[in-house]
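let's see this in three dimensions:
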Amino acid sequence: MAAEIITAYQSGVDKSAAEVRELSGKLGIAESAIAGFLETMHEAEVPLEQVATKFQELTLRYQHLLDGVRTLQSDDPEVQQLKVDAAAAVEGGPPSYDRAEELLKQAESIDREATERLEAALKKRGLNAAATRGQRGELSLLRLDYKSAIEHFNEAFKITPPSHPEVRVRYRWAYAGALYEYGKDRGINPALKEVIDVWKSLAQELPRERGPLDWAMTQNNLGNALWTLGEREAGTARLEEAVEACRNALLEYTRER
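This next block holds a predicted model:
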């Protein structure tokens, strides 16, 4: 068939040419599409020795695209009809490619808009789920069930969408509070060590210049955790660090007033 392709290429791009009709019949591809392949290669000035290979590449790409557009199903009737119309446009070859492009663009736009609506709904449900989990944490605190509260607040933080950092911080704050109460009231020093790390991390996430009072409160909470643990440990390192954190908080409170 390579010789027939080269002959068709050399004879021009008239879709009514005998060579084009012959190739169309053998390949089962519309004459306008065959003529379009030839025209595309003419415009690209494909060397004669590459014509047969390039024609076969275009044929395979055409069939692959057409199969893909035809078989892709959508639950949206409007999108499905656009796909059907786009397949018909693709089948017509290059003269209809602009039309196919516009139809596929419309179909994509509809699906993207639907996706955005769905993502917004999922985020809202995620926030609602996190709020409910946080309420479970508050309920656990009412029972002095610190371990459950810690778990609930931590999970609320995890399931809150990253697009709501202020809510995530609020749950980490509640998590740290429950962790501190657990360590203080139950004598669990590892919990105090962990909450110290949490408060230090939160102090970095809530920089002084962005939220002075939030930063000061974080420093105050850090100081309390350091002091509680320092009283249980040998040495004064924790206590000294606690004094420094509380001093930072006091200075900020005073400055804000």
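
thought residue 167 was touching residue 127?
Yes: Residue 167 lies in contact with residue 127 (Cβ atoms under 8 Å); the separation is 6.7 Å. All C-beta spots, glycine's among them, are computed from the backbone N, C-alpha and C.

so how far is the helix or strand that contains residue 171 off the chain centroid?
Per DSSP states H and E, residue 171 falls inside helix 165-186. Helix 165-186 has its C-alpha centroid displaced from the chain centroid by 28 Å (Cα atoms, centre = their mean, to the nearest Å).

what helices and strands are in contact with that helix?
helix 97-142, helix 146-159, helix 189-205, helix 212-230 (3 or more Cβ pairs under 8 Å, 6 or more residues apart in numbering; DSSP states H and E).

redo these as JSON lines? Include mean pLDDT and mean neighbour count.
Shown next, in JSON lines, are the helices and strands packed on helix 165-186 (pLDDT from 0 to 100; neighbours: other Cβ atoms under 10 Å):
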{"stretch": "helix 97-142", "mean pLDDT": "94", "mean neighbour count": "14"}
{"stretch": "helix 146-159", "mean pLDDT": "97", "mean neighbour count": "20"}
{"stretch": "helix 189-205", "mean pLDDT": "94", "mean neighbour count": "18"}
{"stretch": "helix 212-230", "mean pLDDT": "93", "mean neighbour count": "21"}
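
do you know how far the nearest residue to residue 27 once chain neighbours are set aside is from residue 110?
Using Cβ to Cβ, 6 or more residues apart in numbering and skipping residues adjacent in sequence, the residue nearest residue 27 is residue 59, 6.4 Å away. With distances taken as Cβ to Cβ, to the nearest Å, residue 59 is found 31 Å from residue 110.

could you give the number of residues near residue 45?
Residues near residue 45, counting by other Cβ atoms under 10 Å, number 6.

let me see the backbone angles for it.
In terms of degrees, to the nearest 10, the main-chain angles of residue 45 are phi 50, psi 50.

repeat that for residue 233.
phi -110, psi 160.

how about it, what does it touch?
Contacts of residue 233 were listed using Cβ atoms under 8 Å, 6 or more residues apart in numbering, and they are residue 189.

ditto for the one 3 residues further on
Neighbouring residues of residue 236 by Cβ under 8 Å, 6+ apart: residue 230.

pLDDT wise, what is it at?
At residue 236, the model reports a pLDDT of 93.

do the same with residue 210
78.

one more: residue 10?
The model reports residue 10 with a pLDDT of 80.

end to end, how far does stretch 226-237 reach?
With Cα to Cα, to the nearest Å applied, stretch 226-237 spans 9 Å between its terminal residues.

just checking, next helix/strand downstream of the helix or strand harbouring the residue nearest to residue 27?
Assigned by DSSP H and E, residue 59 falls within helix 51-71. Next in sequence after helix 51-71, counting helices and strands by DSSP H and E, comes helix 77-91.
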